[in-house]
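[1] Sequence and predicted structure are below.
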Amino acid sequence: MKTKYIMFVLLASLAIGLPSCKKDWLDAKPIQNLVIPSTLQDYQALLDNYNVFNYGVQPPWGETGADNYYLTYANWQSLFSIPDKNTYVWAKDIYQGSKGTDWQNSYQAVLYANVVLDGIKTINKSSNPATYSNIQGSALFYRSYNFYCLADLFAKPYNPTTASTDLGIPLRVSSDPTIKSIRSTVQQTYDQITNDLVKASTMLPIRPMFLLQPSKPAAFAMLARVYLTMGNYNKALLYADSCLAINNNLLDFNTLNASSSNPIPEFNTETIFWIALRRTANMVPSRLVIDSNLYKSYDQNDLRKSIFFGQVGNSLTFKGSYDGSQLMFSGLATDEIYLIRAECNARLGNTASSLDDLNTLMKNRWTAGDFTPFTATTSAQALQLVLTERRKELIFRGLRWADLRRLNMDPNYAISLERNLNGQIYSLPPNDPKYVYPIPDQEIQISGIQQNSR
Amino acid sequence: MYKIYTNNGCILPRYIKKFLLVMKITTFLIFVAFMQVSAKGLAQRLTLIQKDVTLKQVFKEINKQTGYNIFWSDSQLSGDQKVNANFKDASLLEVLNKCLENTHLTYTVENKTVVIKEKPPTILDKIKSVFTAPSANITGIVTDSLSNPLIGATVALENTKFISVTDADGKFAFTNVPNGKYKLVITYVGYKKYARDVEVNGGNLTFPRLILYNESGKLTEVVVSTGYQTIPQERATGSFAQPDKDMYNLRVSTDVISKLDGITSGLAFNKDAFGNTVLRIRGLSTIFANADPLIVIDNFPYEGDINNINPNDVESVTVLKDAAAASIWGVRAGNGVIVITTKRGRLNQPLKVGFNSNVTVSDKPNLKYDRNFLDANDFINVEQYLFNQGFYSSKLTDPTFPAISPVVNILNEQQNGQISASDANSQINALRGLDERNDLSKYFYRRAVNQQYGLNLSGGTDKETYYFSTGYDNDLQSQVGSKFDRITINSLNTFTPIKNLTLTAGLNYTQSITKSDNSLSELNNGISYPYMQLASANGTPLPVYNNYNQSFVQSAQANGFLNWQLNPLQELQQHLNTSSTNEYEIRAIAGLKYTFFRGLNIDVKYQYERGINEGKNLIDQNSYYARNLANEYSNVTPTGQFSSGVIPLGGILNTANSDITANNFRGQINYDNSWGKSMITAIGGIEVRQVSTTTGSNTTYGYNLTNDTFQQVDYTTYYPLYPSQNNSSIPTNLYFAGTLNRFRSYFSNAAYTFDGRYTFSASGRIDQSNFFGVNANSKSVPLWSTGLKWDIDKENFYHIDWLPSLKLRATYGFSGNLDKNLTAFTTALYYSHALFTDANYAILQNPPNPNLQWEKTSTANLGIDFGAKGGILSGSIEYYYKNGTNLIGDQTLAPSVGFVNPVTLNSIYRGNFAAMKGNGVDIQLNSKNIDKTFKWTSSFLFSHTTDRVTKYSVSNPVNNLVLYGNGSGGIIYAQTGKPVYGIYSYRWAGLDPTNGNPRGYANGQISEDYPTLTNPTQLSDVTYNGPANPTYFGGLRNTFAWKQISLSVNISYKMGYYFRKSSIDYGDLFNSGGGNIDFTKRWQKPGDEKFTNVPSMIYPDDPTRGLFYDFSSVTVDNGDHIRLQDVTLSYDLDKSHWKRSPFSHLQFYTYANNLGIIWRANKDGLDPDYPRGGIPNPRSLSFGIRGNF
């Protein structure tokens, strides 16, 4: 009986005791690479997600709706994506029931930034102030960049007189999913963007580790781009200047191999911040066709003519992405900033300074020795020159739509766009409501926010 | 009462032997042997040296040697009292004293007569008997005729309180049975009643082997195993299914699971949208969580590859279907449980050797089954048409040199004036008669030959059992270069070192090698054309040009590149691109069971499982893959010459390793008791379990197999590829990952039976796990079940003579499930090797969800078990109803919240938002149609299962239901009111009679507006055809037996579902050469629309037009079909037929499998298991021999 008793105690304690000994046994992490973001390293890793912030993510509808290219009827008909197809002809309903992912994807980047900005508040900055500032500044930069892209497509162009009543985009500045989205005004939208970028510019390092990451010159360059879009030439000039003070490198096109199928190298010396447009079937080289008048506007000695354009079959196509690939670079580069500074100086009456920047840039675009500097006697002439070269330099950089929207407000520069598909003509007059894309149906249904009228 | 046997004269020793034999046989009869032998010539001294002789034998020997007559009564010699006789020239009295020492017997000798009688009680005995009535213990083991212990047999001494049930070893025991005469009665469902008289006379009685013989035609499978306990089906309230054991044994397969197909009630083998076989027990119970049944092998969940289990080692398979059966497994039981028990030795069984060996030969796969093929003649006509339309002009001038088919090449040369029109025509016509599939079949496929050998040894004494087996499988699969080899070694032993303690130790080891050849994989890239030639008429391997233009490839070497030709047959013959997987698995089992007193024991079990999987893909430097990669990643001069390479010359080695370790520990208390009319069985315990996995993979360049050397490459730089000009880094599959799952569970299960008529069962379980971030209090979930069983046939009022067996069962309870990917907090997954920067980066995985819970499914089950008189018909009918609540489902968020699900890319998030319901019926019928010398029995299985989503907060775009409703997108799109997987299609309005355009309905009107037609907004805009998985399935098996020959024919069927067949897609045909037989039925002229639904060919192709047709209702077919699954023929021999056979049983068998479809609803001759391509399993024929001695 004694043996039995001992046996019972022994076995019972083995059976019951052993498994329940450790209290935190069930707290072990089930998947090794799964984390609850909580450290600076985690937040940096979120910001290093190139699929969210850089690689083929910028909404391309500005470019698909702009006048850099056209499609043959057969090629247009063979497009699979309904929004890509409809943005080409500025249809009233671009979705026709389909989803349209650009809105959602841009807000995904905003959420990542918000997760970082919310999470980093719980970390003591003094432990690693440089990394901390960089992460915080980067998150602010990315959020502003995406707000800008969204505003360019889904809100009216910035008009100082109506901006405080025009509908802007929902400004999500918290990662809490339960907060309901509401539309801000255009003024609030741009204020948020510019304020955050200014903040970011104080936090970001002068040189980024990689060009995929934001930096101080990138924040300045972005401020210059945003203020130009807003028509605030003083500030645009200021920030373009600040940017070029840090980085004024230019790429001499004479050093490039024009016969290559993608002559401009990736991460070239002009690149300040790298991001690329989402790939669309509209703008693959074998499909897009370059307008022959645009092509003819390039001088024979202008190297861009042979570096930007090439022949596919019988038609002219684009091969000049700032990425050395077919991916369309839409980030920030010094050539754009030179042109912003030149435009602002021209608009502010500084003809000489304007021409100076224009010629500095153009000298690097012309065959060596064949460049004759541009001249102008009035600032208006200088502005005309700058805008012409801007049109030719920043082709397929995701900037044309914003330029059309802001320049159309000035009758001197307003133009009407036209598409011809199998004889059917579609047109987009200046300042048309179709310059503002509709918000996806799902957003309207769930958030109940106001749709754009077209 | 004494019978007297008198022997006069001399006795022949032979006669005595015979006499002894008779004695032995009649040992249970009560009689007295009286021997009278004349004394002459016989001395009174005797010699007897023998171990373990019975007293009876001793007495007979005394009689023989001394001539003394001996009187005794068999009742005095109850049991088999044995002595060790060691007498040399001993006196009679010495021998008698010695032999009767320690017995209750004594003797008297008078006149050459010895009378054996009982000892008079001593004073002490007399005092003892004042306090206790004389009593003894009766113990025994009940087995079937094959020495298998019968668990749960009812053992009783008739008309007494002594009733017991045999335990897991078939043992029973009655203690302190008062002296007297009793009738020992043993009953067990499916077996003939056993009865014998026993008399207790102070001495303990032991029956080492009480054999019950089964009643043929009745249920023979009567024990069910839950993995925690083994219970007789007689007292099980839940729904258990077991495959027919004979059928399981007769089927020939390398693995265990496929042997269950069509012979297990409620277990469906469905095909998912990708053609993979998925197991479902009673349909689906979850939307997003794992839907596979839990597989349990020898008491613990099995984590390894099921192919590692040798089917010859399997003793039994039990499928747990309802909550009462399965809820003991808690949160892992939501999809049902398959419990596999392996063989083991039996107590008191002499060494038994069993063997099984078979060979299976399968037909070559029928490559021509695939409808996605257009013959060369039609294909060339299309190419000529497209060429004339200028379709290829941009391709021909494309600077990236895309592949051009031979016909287009000829046409181009003709257009460029390089060859004449008549030359071009004759060259093209020569290609019209070719068929790529002939070459593929001839050189890349063969008849598969599978060999299987198994050997096992088992046995046991009353203190230990042993089982040892080894198996070898060698499969040469149908694709040349693919083979599978497996060795299994298995042992399981039990010991009883001290009384009441049983130790178990087992070890399983499996090692397998899978080899495959990848020579055909490169053909999947690039273009295809039906007249592709892989070898010349005399068998010389020919290059194909499916990735790049032929002239570009041919000039590559001249331009300094490596040979850029793809030659699949050469790759095969020279083994240039092969894969192999080595798997090792070890399972070690240790167990300890201690019985404290009759009915109560503690059982502690531990299992360690370790599986290692080493995958290797060895790519020779001469393979196309290696050469192509080296060429693509090379620096090229502006004029297209090779200037320098980036990837080092040499082979490429891809490795992928995974490692799984599982530790299981279980402590369990078992209690069994019966008193009066009550019987109780209860278990309770705790279980802990940890499963950890690690996986890793790598790529090595410049690999030299013979020296094991390699070279470093730069994985971070992006290189422009030639000729595509895309930027890319050098491909690598460098990857590491690991998981760790921990579970702690508390479980209990009890069943109470009253009067053998009413059984009540209840079980409960609490599961805890380390799933990420779930709050401590929602980490555990209590799941319970309860059940009732009523044996109506045992009621006094039950008088249905033709239906002597009728039982009712009802159960209700909960089981659970979980989605391991969900957590309560914002989580991120880390990834390595970001583009360009090579940094680590993270993906937001989950929005916070603090309310996350386990999925819960309640199941109600009602069952009737019945058996008609004489076993003519027996079976069961069950109805069940499932209600899944708290199921993981999606909820839509505003897109501006920014949560993009990493899998669906939708702005949705997952939580316990969904619910579904399901119900169904399982019917199992066995009949004995003819039962004479010729026997004919039938067994019929019928299952009906439905599932319906009842709550789903996301309304998926209707178009996604059409495109991916059957799961073909790898994403589940659920729709309230419909099954989880359904077939939806665009409404069809016939072909346009004027141009053959497909037409549908837009806003109720016949329309050809394809963008609108392919973007339906309302569910009513599309047709819901029906479920994508069978809702009715089962099998019918007829067995005919005549003497030793038995023939079994198995038919299976699947009904009540739909599938989408493949049809012509002109875009695919034009761009990549994807053909389809439907092309030949296309609309070509007005009037054709009366005969066909295949749209006309248009150029240029309109992808939305093609999309509309491919997903319209005319490409949906009814999946109903009946299949002649297999036929077995066997010939059995045992000792009764072949007396001198060294084998106790020998069986020769042949097995024909995958015999074909007998009837199908679809008109296209499609096998609904392979609707969109793929090659159906070819017919196979096996021969085998199995036996034991």
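    Yep, it's here.

[2] alpha carbons only for contacts and neighbour counts from here, please
    Will do.

[3] any chance you could map the strands in the stretch 351-454 of chain A?
    If DSSP state E, counting those that start in this stretch is used as the criterion, the strands of the stretch 351-454 of chain A fall at A:417-421, A:424-428.

[4] got any ranges where chain A has weak pLDDT?
    Confidence mapping of chain A against pLDDT under 70 gives the ranges A:1-23.

[5] Find the residue at the geometric middle of it.
    Central residue of chain A (CA atoms, centre = their mean): residue A:58, 4.8 Å from the mean position.

[6] Compute the number of surrounding residues for the residue lying closest to that residue once chain neighbours are set aside.
    Of all residues not flanking residue A:58 in the chain, residue A:277 sits nearest, at 4.4 Å (CA to CA, 6 or more residues apart in numbering or on different chains). Residues lying near residue A:277 (other CA atoms under 10 Å in any protein chain shown) number 22.

[7] how much space is there between residue A:277 and chain B?
    With distances taken as CA to the nearest CA, to the nearest Å, residue A:277 is found 16 Å from chain B.

[8] quick one: that residue and residue A:329 touch, right?
    Yes: shown here, residue A:277 and residue A:329 form a contact pair, counting by CA atoms under 8 Å, at 6.4 Å.

[9] mind checking the longest helix of chain A?
    The longest helix of chain A (DSSP state H) is helix A:129-154.

[10] how far out from the middle of the chain is it?
    From the chain centre to the centre of helix A:129-154 is a distance of 11 Å (CA atoms, centre = their mean, to the nearest Å).

[11] going on from it, what's the next piece of helix or strand?
    Once the chain leaves helix A:129-154, the next helix or strand it forms, by DSSP states H and E, is strand A:167-170.

[12] Could you name the helices and strands sitting against that next one?
    Applying 3 or more CA pairs under 8 Å, 6 or more residues apart in numbering or on different chains; DSSP states H and E, one finds that strand A:167-170 contacts helix A:129-154, strand A:183-185, helix A:186-203.

[13] For residue B:625, grab the count of nearby residues.
    Residues lying near residue B:625 (other CA under 10 Å) number 21.

[14] who touches it in this structure?
    B:522, B:619 (CA atoms under 8 Å, 6 or more residues apart in numbering or on different chains).

[15] low-scoring pLDDT stretches of the stretch 851-1000 of chain B, where are they?
    In the stretch 851-1000 of chain B (pLDDT under 70), the answer is B:903-904.

[16] Contact partners for the closest residue to chain A within it?
    Per CA to the nearest CA, residue B:898 is where the stretch 851-1000 of chain B lies closest to chain A, at 3.9 Å. Each residue near residue B:898 by CA under 8 Å, 6+ apart is listed here: A:104, A:105, A:106, A:107, A:108, A:109, A:110, A:111, B:907.

[17] quick revisit: show the backbone phi and psi for the residue nearest to the centre of chain A.
    Main-chain dihedrals, residue A:58, degrees, to the nearest 10: phi -70, psi 140.

[18] these two touch, right, residue B:1110 and residue B:1062?
    Yes: Residue B:1110 is within contact range of residue B:1062, at 7.3 Å (criterion: CA under 8 Å).

[19] which of these two has more neighbours?
    Between residue B:1110 and residue B:1062, counted using other CA under 10 Å, residue B:1110 has the larger neighbour count: 22 against 19.

[20] before we move on, what SS does the residue nearest to the more buried one when sequence neighbours are not counted have?
    Using CA to CA, 6+ apart and skipping the chain neighbours, the partner closest in space to residue B:1110 is residue B:1063 (6.5 Å). Put simply, residue B:1063 is coil when judged by DSSP: H, G, I helix; E, B strand; the rest coil.

[21] ok, back up a step: report the angle between the longest helix of chain A and helix A:186-203.
    If you take axes from the mean of the first three to the mean of the last three CA atoms, to 10 degrees, helix A:129-154 sits at 160 degrees to helix A:186-203.

[22] all strands for the stretch 401-550 of chain B, in order.
    For the stretch 401-550 of chain B, the strands defined by DSSP E, counting those that start in this stretch cover B:449-460, B:464-476, B:483-495, B:501-517.

[23] So which of those is nearest residue B:939?
    strand B:449-460 (28.2 Å; CA to CA).
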